[in-house]
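A.B. asks: structure for the following, please:
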Amino acid sequence: MEELDRASRPSGSSVRTTGDGRLFVLGQEGVFFAPERQELYIFNAPATFVWCSVEEASTDAEIVERYAEVFGVDRIRAQADVARLLAQWRGAGYIEQPGLLPEEPVPFEVALTRLIVNPRLRSAFARDPCATAIELNVDLEVRGVFTMLDPTEIDAQANRLQKRASRRDMAMPLADSMLTTAVAGDRTALDLAVARKLQQADAPPIECCYRMLATHVRIRYASAAQAARVHPVLTHLRVEHDPTETSVSLDVVETEEGHVILDELVVRGYARTLQGLAPVVKHLIAQMARARSSYFMEIHAGVVARGDKCLLLPGPSGSGKSTLTLALVESGFDYLSDEVALLDDKTLAVHPFPLSIGIKPPAVPVVERFRPEVAALDVHMRDDGKTVRYVAPARGRCAADVALPARWLIFPRYDPNARTALQPMTPSAALRRLLEQCTSLPELLDETRVERLVQWMRRLPCFDLPMSSLKEAVEQVQHVCTP
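C.D. replies: Numbering: from 1, shown residues only. Sure, this is the predicted structure:
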């Protein structure tokens, strides 16, 4: 009865933070960042309000009263909402023990998770498991089992997770498995490639040099057939060979089991068929350019520019991002990227990353209307089994090789049944969608970086773009994107 009474009445003591996290206000909502754990959360308006109240050292009772007034709910609902938030934050280790407990009991697995992520709770549990179970409001049916947990094993599990979360492998991924995986009998891809390279030592290769960002890649094709498949995909990146500028030299070696890409005697890539070679080389060049560049974040997005400002079009595969990007370029925008948006480490400006634009089979009839030649382009096989045609942008449509500040953020979403219309988004909703498309974060976050990201989002007009008509989508984007 005493526990139920405690859960039903807010206390008069102040709720305090542990200092392990910081909230950045973004519109009516907030971005919460915990640097030690590298955790980033988007708080909705109620959570933002409650956290700000905690930072003001308000009591449970004061928070509940103000919550009811601000959000227009009765006191019972306000108390339940506030208790739930405080319990979550206490469990995660971001606030000290509040006097207000949620009425709903906490399941065993939730309580265990809170122990693992919260070192303060683990210390309290080691001293007094029963008191900790009461504090966490563990379900009575499993409370006995919970108190029997081994504190030493919980600490060991927490340490394993912490080590795993703190690892950041900045090296470019290599095809190391090909060194030991047999592709022909007991011979590996490396065995086959080295043997064939030695056989062809006197045959002059077909050489081309390409540049992406600051990386110069010299590729030596073993055959005209290889060059004919790959070079059209990279033609807009070609530069004159300069030995003083070459960052890496690659040999595309043809064996009876496929095509192996070597950097000296290191296997960088492998394609079983000629149809799969260009996607591998394209991906490899992109990978090398990223690995040799400093950037804050990589977003899976199309990027086009109007004047000296750019538009980001983040979206997953199948969202219509590539088709819209190509259509916007045809309508007069400059081209920066089809799939890679690298945000500058200091300014969050977007670096050009002008890979060829990948067009999947369903989009070919649409693209043919303004690029008739797309149907005649080579069909390439990606390593995920999907086929794609690559449209190389005209050099005159590529933006200058300088990072451009982002001015607009639009999330395309192909829906054949939707009305094509730009719909304004709140900055917090847009940030949530943007982070879903984050594919690389090469450095650990800190408060300075997170604050920079929040300030960047505050300046950007953000839109959702459900679209069934490519023509209407282009017209609406043109209208909103005025220099």
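
A.B. asks: what's the pLDDT at R66?
C.D. replies: Reading off the confidence values, R66 has pLDDT 95.

A.B. asks: tell me how far it lies from F353.
C.D. replies: Distance, R66 to F353, by Cβ to Cβ, to the nearest Å: 48 Å. Every residue, glycine included, has its C-beta placed from N, CA and C.

A.B. asks: do the same with G276
C.D. replies: G276 is 22 Å from F353, by Cβ to Cβ.

A.B. asks: between R66 and F353, who's got more neighbours?
C.D. replies: Between R66 and F353, counting by other Cβ atoms under 10 Å, F353 is the more crowded of the two (22 against 16).

A.B. asks: gap between that one and V248?
C.D. replies: Applying Cβ to Cβ to F353 and V248 gives a distance of 17 Å.

A.B. asks: buried stuff in the host helix or strand of Q88?
C.D. replies: Element membership of Q88, judged by DSSP states H and E, is helix 75-92. Applying a neighbour-count criterion of 16 or more other Cβ atoms under 10 Å, one finds 78-92 buried in helix 75-92.

A.B. asks: how about stretch 371-385?
C.D. replies: Result for stretch 371-385 [16+ other Cβ under 10 Å]: buried residues R371, V374, L377, H380, M381, R382.

A.B. asks: can you dump the C-alpha atoms of it in PDB for me?
C.D. replies: What follows is stretch 371-385, C-alpha atoms only, in PDB (Å, rounded to 0.1, in the frame of the first residue of the first chain):
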ATOM      1  CA  ARG A 371      16.600  11.200 -71.700                       C
ATOM      2  CA  PRO A 372      15.600   8.900 -74.600                       C
ATOM      3  CA  GLU A 373      19.000   7.300 -74.700                       C
ATOM      4  CA  VAL A 374      18.600   5.700 -71.300                       C
ATOM      5  CA  ALA A 375      17.000   2.600 -72.800                       C
ATOM      6  CA  ALA A 376      20.100   1.900 -74.800                       C
ATOM      7  CA  LEU A 377      22.500   2.100 -71.900                       C
ATOM      8  CA  ASP A 378      24.300  -1.000 -70.600                       C
ATOM      9  CA  VAL A 379      22.400  -2.900 -67.900                       C
ATOM     10  CA  HIS A 380      24.600  -3.500 -64.900                       C
ATOM     11  CA  MET A 381      24.200  -6.100 -62.100                       C
ATOM     12  CA  ARG A 382      24.700  -4.800 -58.500                       C
ATOM     13  CA  ASP A 383      25.900  -7.100 -55.800                       C
ATOM     14  CA  ASP A 384      22.400  -7.000 -54.300                       C
ATOM     15  CA  GLY A 385      21.100  -8.700 -57.400                       C
END
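
A.B. asks: and that stretch, what's its mean pLDDT?
C.D. replies: On average, stretch 371-385 scores 92.

A.B. asks: can you give me how far that stretch is from the chain middle?
C.D. replies: 26 Å (Cα atoms, centre = their mean, to the nearest Å).

A.B. asks: and what of stretch 414-422?
C.D. replies: 25 Å.

A.B. asks: distance between the ends of that stretch?
C.D. replies: One end of stretch 414-422 sits 12 Å from the other (Cα to Cα, to the nearest Å).

A.B. asks: sorry, back to before: tell me what the helix holding Q88 is packed against?
C.D. replies: If contacts are counted by 3 or more Cβ pairs under 8 Å, 6 or more residues apart in numbering; DSSP states H and E, helix 75-92 sits against helix 45-55, helix 60-71, helix 108-117, helix 129-136.

A.B. asks: let's see 6 Å
C.D. replies: Counting contacts by 3 or more Cβ pairs under 6 Å, 6 or more residues apart in numbering; DSSP states H and E, helix 75-92 packs against helix 45-55, helix 60-71.

A.B. asks: how about G30, secondary structure?
C.D. replies: strand (DSSP: H, G, I helix; E, B strand; the rest coil).

A.B. asks: quick check: bridge partners of it?
C.D. replies: Counting by DSSP bridges, G30 is bridged to V25, F43.

A.B. asks: counting neighbours, what do you get for it?
C.D. replies: G30: 23 neighbours (other Cβ under 10 Å).

A.B. asks: equivalent analysis for the one 3 residues further on, please.
C.D. replies: Applying the criterion other Cβ under 10 Å, we find 22 residues in the vicinity of F33.

A.B. asks: all strands of the stretch 201-350 of the chain, in order?
C.D. replies: 206-212, 215-221, 238-239, 248-255, 258-263, 266-271, 297-306, 309-314, 334-337, 340-343, 350-351 (DSSP state E, counting those that start in this stretch).

A.B. asks: can I get those strands in CSV with mean neighbour count and distance to E451?
C.D. replies: Formatted as CSV, these follow (neighbours: other Cβ atoms under 10 Å; distance: least, Cβ to Cβ, whole Å):
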stretch, mean neighbour count, distance to E451
strand 206-212, 18, 30
strand 215-221, 21, 31
strand 238-239, 13, 38
strand 248-255, 21, 36
strand 258-263, 22, 39
strand 266-271, 21, 38
strand 297-306, 24, 14
strand 309-314, 24, 20
strand 334-337, 26, 26
strand 340-343, 25, 14
strand 350-351, 24, 19
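
A.B. asks: so which of those strands is nearest E153?
C.D. replies: Of all the strands of the stretch 201-350 of the chain, it is strand 297-306 that lies closest to E153, at 36.5 Å by Cβ to Cβ.

A.B. asks: name the residues that touch that closest one?
C.D. replies: 310-314, 321, 325, 328, 333-334, 336-338, 341-343, 350, 399, 404, 437-441, 481, 483 (Cβ atoms under 6 Å, 6 or more residues apart in numbering).

A.B. asks: just give me how far the helix or strand hosting R433 sits from the chain centre.
C.D. replies: Per DSSP H and E, R433 falls inside helix 427-436. The chain centroid and the centroid of helix 427-436 are separated by 11 Å under Cα atoms, centre = their mean.

A.B. asks: low-confidence ranges, this structure, go.
C.D. replies: 1-12, 163-204, 246, 395-396, 483 (pLDDT under 70).

A.B. asks: which residue ranges make up the domains of it?
C.D. replies: 2-166, 176-291, 297-480 (automatic domain parsing).

A.B. asks: that older thread, tell me the one of the buried residues of stretch 371-385 nearest C52?
C.D. replies: Nearest to C52 among the buried residues of stretch 371-385, with distances taken as Cβ to Cβ, is R382, at 47.2 Å.

A.B. asks: how near is that closest one to Y335?
C.D. replies: 21 Å.

A.B. asks: how about V25?
C.D. replies: From V25 to Y335 the distance is 36 Å (Cβ to Cβ).
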